[in-house]
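1. task: produce atomic coordinates for the following.
(one chain, ligands or ions: 1)
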Amino acid sequence: MDDPKITMAQSDVPYTPFHPEHAVYGEKHIPGAKRNDQKRLYVDFGTERHDDKQRYTSSAVMTLEWQKIWRKAWILCGHESDLPEVGSFMKVDFGPESILVVRQADQSLKAIYNVCQHRGMQLEARDFGTNVRFNCPFHLWQYDLAGKCIKVTDRESFRAEALDHDLDIEQIRVDSWKGWIFISMDRDAAPS
Ligand code: FES
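-> Numbers count the residues shown, from 1 in each chain. This next block holds a predicted model:
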């Protein structure tokens, strides 16, 4: 990456390491800079101090971050070596969500929400393990390694409303790069 000082030196704004004008997170208009230089990013090492403490304590800011950033980003959650065999899983508790990343029979990975489609019970409390299937501990519904509901135990005992929707668990996106596993809750998230 280019030295940010070089980029700034080409602008009319004198470079000072912690000047708020230079602490940016995206494209910044730099007066007098050439067009390409305006697209360059200043590297924010998190050294700036913000006077507005609200951003660290406000639940509204936290909610906004969750909606605008974390639900849309690719999140590093582990390494493929953590899932060595068919049925190996890792539980990723992230914000209000709990997600299971699972090694499939064809060696691919799937990521599913760690939530039973009956009454929302978490399927797994362990952080790591190996399963043939996932059994809900509440009423024993069963799901395969990709989240498909394969058995409603004592089906006749459930009211119709409990069964008249999609009983499979929603999958989220999962991919790996050089062995590192990433998940994203955004179906349209671009590769990063
Ligand atoms: S909550 Fe999972 S089977 Fe009822």
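
2. show me the domain layout of this protein.
-> Residue ranges for the domains of the chain, per automatic domain parsing: 4-70, 75-184.

3. those into a markdown table, with extra columns for mean pLDDT?
-> Listed next are these as a markdown table, based on pLDDT from 0 to 100:
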| stretch | mean pLDDT |
| --- | --- |
| domain 4-70 | 62 |
| domain 75-184 | 96 |
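
4. deepest of these, which one?
-> Compared across the domains of the chain, domain 75-184 shows the largest average neighbour count, a mean of 16 (mean count of other CB atoms under 10 Å). All C-beta spots, glycine's among them, are computed from the backbone N, C-alpha and C.

5. is the ligand contacted by that one?
-> Yes. Contact between domain 75-184 and the ligand is present through 116, 118-119, 121, 136, 138-139, 141 (criterion: CB under 6 Å from any ligand atom).

6. roughly how far is that domain from the heart of the chain?
-> 15 Å (CA atoms, centre = their mean, to the nearest Å).

7. which SS class is Tyr56?
-> The local conformation at Tyr56, judged by DSSP: H, G, I helix; E, B strand; the rest coil, is helix.

8. roughly how far does it sit from the ligand?
-> From Tyr56 across to the ligand, the span is 37 Å (CB to the nearest ligand atom, to the nearest Å).

9. for that residue, give me its contacts.
-> Residues near Tyr56 by CB atoms under 8 Å, 6 or more residues apart in numbering: none.

10. check contacts around Tyr113.
-> Shown in contact with Tyr113 (CB under 8 Å, 6+ apart): 97-100, 147, 169-170, 172.

11. which members of those are the farthest-apart pair?
-> Glu97 and Gly147 (14.3 Å; CB to CB).

12. show the backbone phi and psi for Leu123.
-> phi -80, psi -40 (degrees, to the nearest 10).

13. do Asp52 as well
-> The phi/psi pair for Asp52 (degrees, to the nearest 10) is phi -80, psi 90.

14. cool, Leu100 as well?
-> According to degrees, to the nearest 10, Leu100 has phi -110, psi 130.

15. is it bridged to anything, and to what?
-> Assessed by DSSP bridges, Leu100 has beta-bridge partners Lys91, Ile112.

16. can you pull out the helices in the chain?
-> Secondary structure of the chain (DSSP state H): helices at 4-9, 35-39, 54-57, 59-65.

17. from the chain's centre, how far out does the third one sit?
-> Taking the mean of its C-alpha atoms, helix 54-57 sits 22 Å from the chain's own mean (CA atoms, centre = their mean).

18. for the nearest residue to Asp144 once chain neighbours are set aside, what are its contacts?
-> Among residues not flanking Asp144 along the chain, Ile150 sits closest, at 5.2 Å (CB to CB, 6 or more residues apart in numbering). Applying CB under 8 Å, 6+ apart, we find Ile150 in contact with 133, 142-144.
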